[in-house]
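**Q** have a look at this fold, sequence not included:
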């Protein structure tokens, strides 16, 4: 579309330039010719007074020599009763043309080798004299070439300028369309964070608004699906737990063993279904303007939710680093799900009354979120991270760390488990803001420095 617009603009501008430049060129040529013959008429008019005063050959030769430069003038005197016809200067016009001017009594021009001549009649007492003024071809085209060159340069500048303007207009129209196509392709590939800028012409801007609204609805629908799946899994696990406890109290015997085996198999199938649903979740990379969220706002919102349960269980909690906005290139729903997963682990795997904290550190190229608790800690962090990759042990789907890991890796970051300043477990989520992988030792050193900062708060 861009090149089509450029071609149309080039064709239209070229036609306009030709339509104006060709007539202007012809007018310039005609004006140069008129100027040359006007000068010739003035030279002929300068001789007329001398012809009316005297017909002496010597005097007339001096007049002709002074009026006509480079032998460009001739005077043809008629015969009278005393003298025969007299021709002064170099004659270039044909005799029949001179005779025709004498007979008609009006000026005329005629073509001669190298140019043209102006034949101007002058009435004398003895008859009609004819003043012949030679006009070279160079005089009739003087300045025409320069004028044509200027017209050509102006026309070329107009064409180049119009093409440049058309190209800019084409870019302004094509780029929003290309971004819309790329956004649609990314959304089709499962990148639910794909958004397009709402700029450009009105039609494309409205299309971008509609696309972003559709993408938001898709994300919301999938979030609702995940919430529904989580609710269903919780409802299934509760009766399964009761069944498992009841089966454990059945004692020995083939029927009891079969019941316990069936309950274990059913728990495994439920875990497999949940894990499979999680692995089939489309990637939610924030792929364009409009995607992302304020991490500080999400942390405050989720801590407000969990603080109620913390008060019920007598847990002390602390949150830091959320006083100012902290932009993250991830979807709001995904960050909330990751925080809920980690905070839920704190409540499930530590005793009531155990303190916990959430710290947010905003660096130039990364954002670090630390979830710390004062519990017993995790004896084997590597095994916990392995479960987070979908290999959950019995009674665990490993979805919590899997949610967090996928979210961090979508930005080029990572997740690590270590010891917290509270004495228990610390889960550190590194969100890379520029999409690069975090560096090795310097990355770990900066994390330790941030941990010391978190402990000092």
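**A** Sure thing, it's come through. These figures come from a predicted structure and were not determined experimentally.
**Q** for the stretch 1-150 of the chain, which segments are assigned as helices?
**A** Applying DSSP state H, counting those that start in this stretch to the stretch 1-150 of the chain gives helices spanning 2-53, 57-67, 95-104, 137-140, 144-188.
**Q** ok, which of those comes nearest residue 261?
**A** Proximity to residue 261, assessed across the helices of the stretch 1-150 of the chain by Cβ to Cβ, is greatest for helix 144-188 (44.2 Å). No exception for glycine: its C-beta is placed from N, CA and C like everyone else's.
**Q** least confident of the helices of the stretch 1-150 of the chain, on average?
**A** With a mean of 68, helix 57-67 has the lowest mean pLDDT of the helices of the stretch 1-150 of the chain.
**Q** which intervals of the stretch 351-457 of the chain have sub-threshold pLDDT?
**A** Residue ranges of the stretch 351-457 of the chain with pLDDT under 70: 386-400, 435-457.
**Q** if you set the cut-off to 80 instead, what comes out?
**A** 380-403, 434-457 (pLDDT under 80).
**Q** need the residue closest to the centroid of the protein.
**A** residue 175 (5.0 Å; Cα atoms, centre = their mean).
**Q** my guess is that one meets residue 197, correct?
**A** No. Residue 175 lies out of contact with residue 197 (Cβ atoms under 8 Å); the separation is 9.1 Å.
**Q** what about the residue nearest to residue 76 when sequence neighbours are not counted, neighbour count?
**A** Spatially, and ignoring its direct neighbours in sequence, residue 76 is nearest to residue 130 (4.4 Å; Cβ to Cβ, 6 or more residues apart in numbering). For residue 130, the count of nearby residues is 25 (other Cβ atoms under 10 Å).
**Q** do you know how far residue 130 is from residue 258?
**A** 139 Å (Cβ to Cβ, to the nearest Å).
**Q** and what of residue 10?
**A** 84 Å.
**Q** look at the two and report which has more neighbours.
**A** Remark: of residue 10 and residue 258, residue 10 carries more neighbours, 15 against 11, as counted by other Cβ under 10 Å.
**Q** what's that one in contact with, if anything?
**A** Listed by Cβ atoms under 8 Å, 6 or more residues apart in numbering, the contact partners of residue 10 are 159, 162-163, 166.
**Q** list only buried entries from those residues.
**A** Buried subset of the contacts of residue 10 (neighbour count, 16 or more other Cβ atoms under 10 Å): 159, 162-163, 166.
**Q** what's the most distant pair in these?
**A** 159 and 166 (10.5 Å).
**Q** circling back: same list, the buried ones among the contacts of residue 10, but as a markdown table with distance to residue 144 please.
**A** Formatted as a markdown table, the buried ones among the contacts of residue 10 follow (distance: Cβ to Cβ, whole Å):
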| residue | distance to residue 144 |
| --- | --- |
| 159 | 22 |
| 162 | 27 |
| 163 | 29 |
| 166 | 32 |
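**Q** of these, closest to residue 50?
**A** residue 159 (55.2 Å).
**Q** which residues does the closest one contact?
**A** 10, 13-14, 17.
**Q** how near is it to residue 12?
**A** 10 Å.
**Q** with residue 145 instead?
**A** 28 Å.
**Q** likewise residue 259?
**A** For residue 259 relative to residue 12 (Cβ to Cβ), the value is 86 Å.
**Q** try residue 110
**A** 45 Å.
**Q** between these two, who's got more neighbours?
**A** residue 110 (17 against 12).
**Q** that'll do, ta.
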